[in-house]
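J.: any chance you can model this:
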Amino acid sequence: MNTPSVPESRPAAAILHVEDEPAHQRLLKRTVGKLTDIVVASSLEGGLEALASRQSWLAIVVDLRLRDGSGWDLIARARETHPRVAIALYTALFTRATMARAVREHVTYLVKDMRPDVVRGFVRGAQGSTHDVLGAIYAVAQTFAVRLDLSEKQTAIVVSALCALRRGCYVDGSVVSAAAVDTHVSGILDKAHKHGLDFRSMNDVREHLMAQLTGLPTAAISGVNLKAERNR
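T.: Next up, the predicted model:
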């Protein structure tokens, strides 16, 4: 049986990371270890024990496929015992079906090869940092992507539009050419039209989604610089 390490000296504001691959445990620690404490459990059973060991968690980050079960099982228990905690599904698998379920269940969907700034944005959002809006941007973009059945790159284009990036789109850490962006934009607009959304440009898409980012000032959203965040 896996027994997670939960030192008594650690504050309640910690992340529970349920992950059975040591390399991915280290990856999350490198990414957000300076922002908060992390308690690691290497199995579903250990994760459930760790979850019950504290009344309060800053966030829960769980892998989808664990050796002794599914991350969804831990998420279901967390919803019962810690209904207010921020939860992220942290997986190497990107499928629209999984993303759709994550959106329905109000779970942040993080792919393990995403830029570190996206993962840090989730943590800062859980900490209540008002200056960091990446988590909200990705949630809105993912919901829109599920509705229109967008591809991963088309979803990234939507995120870039919300962040007001004019010179290209960051996909998997690199900048996509303007021609490639135009191709993806055309596909997004075509799918929007099929769903009865009369968008003529990505500016129309941006205005539509901006209205859903309630409580976040437009200036803050427009000021998000993904390239700068990558280097933080």
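J.: going by C-alpha atoms from here, please, whenever you check contacts or count neighbours.
T.: Noted.
J.: mind saving the C-alpha coords of stretch 110-120 as PDB?
T.: This file holds the C-alpha atoms of stretch 110-120, laid out as PDB (Å, rounded to 0.1, in the frame of the first residue of the first chain):
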ATOM      1  CA  LEU A 110      -3.800  20.300 -18.200                       C
ATOM      2  CA  VAL A 111      -1.600  18.300 -20.700                       C
ATOM      3  CA  LYS A 112       1.800  17.400 -19.300                       C
ATOM      4  CA  ASP A 113       3.700  18.900 -22.200                       C
ATOM      5  CA  MET A 114       1.900  22.300 -21.800                       C
ATOM      6  CA  ARG A 115       4.000  25.400 -21.200                       C
ATOM      7  CA  PRO A 116       4.900  25.800 -17.500                       C
ATOM      8  CA  ASP A 117       3.100  29.100 -17.400                       C
ATOM      9  CA  VAL A 118      -0.300  27.400 -17.900                       C
ATOM     10  CA  VAL A 119       0.300  25.100 -15.000                       C
ATOM     11  CA  ARG A 120       1.500  28.000 -12.800                       C
END
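J.: give the contact list for Y109.
T.: A88, L89, Y90, T91, M99, A102, V103 (CA atoms under 8 Å, 6 or more residues apart in numbering).
J.: helix or strand: which one has the first one?
T.: Remark: A88 resides in strand 86-91, with elements defined by DSSP states H and E.
J.: what's that strand packed up against?
T.: Counting contacts by 3 or more CA pairs under 8 Å, 6 or more residues apart in numbering; DSSP states H and E, strand 86-91 packs against strand 59-62, strand 108-111.
J.: between strand 86-91 and whichever helix or strand comes after the last one, find me the angle.
T.: I take that to be strand 108-111. Scanning forward in sequence from strand 108-111 by DSSP H and E, the next helix or strand is helix 116-126. Interaxial angle of helix 116-126 relative to strand 86-91 (axes from the mean of the first three to the mean of the last three CA atoms, to 10 degrees): 160 degrees.
J.: which two of the contacts of Y109 have the greatest separation?
T.: Spanning the widest gap among the contacts of Y109 are T91 and V103, at 14.8 Å by CA to CA.
J.: returning to what we had before: just give me how far the strand holding A88 sits from the chain centre.
T.: 7 Å (CA atoms, centre = their mean, to the nearest Å).
J.: what about this protein, any weak spots by pLDDT?
T.: 1-12, 94, 96, 113-115, 128-136, 163-178, 214-232 (pLDDT under 70).
J.: so what strands line up beside the strand holding A88?
T.: Its sheet considered, strand 86-91 pairs with strand 59-62 (parallel), strand 108-111 (parallel) by DSSP bridges.
J.: what does the following helix or strand past it rub up against?
T.: Next in sequence after strand 86-91, counting helices and strands by DSSP H and E, comes helix 96-104. Contacts to helix 96-104, defined as CA under 8 Å, 6+ apart, come from residues L89, T108, Y109, A139, Q142, T143, V146, D149, S151.
J.: what angle separates helix 96-104 from strand 86-91?
T.: Using the same axes, to 10 degrees, helix 96-104 lies at 170 degrees relative to strand 86-91.
J.: span of stretch 39-47 from start to end?
T.: 10 Å (CA to CA, to the nearest Å).
J.: the nearest residue to V32 once chain neighbours are set aside: neighbouring residues, count only.
T.: Residue nearest to V32 in three dimensions, not counting chain neighbours: R120, with 6.0 Å by CA to CA, 6 or more residues apart in numbering. For R120, the number of neighbouring residues by other CA atoms under 10 Å comes to 23.
J.: just confirm R120 contacts T31, I think it does.
T.: Yes - R120 is within contact range of T31, at 6.9 Å (criterion: CA atoms under 8 Å).
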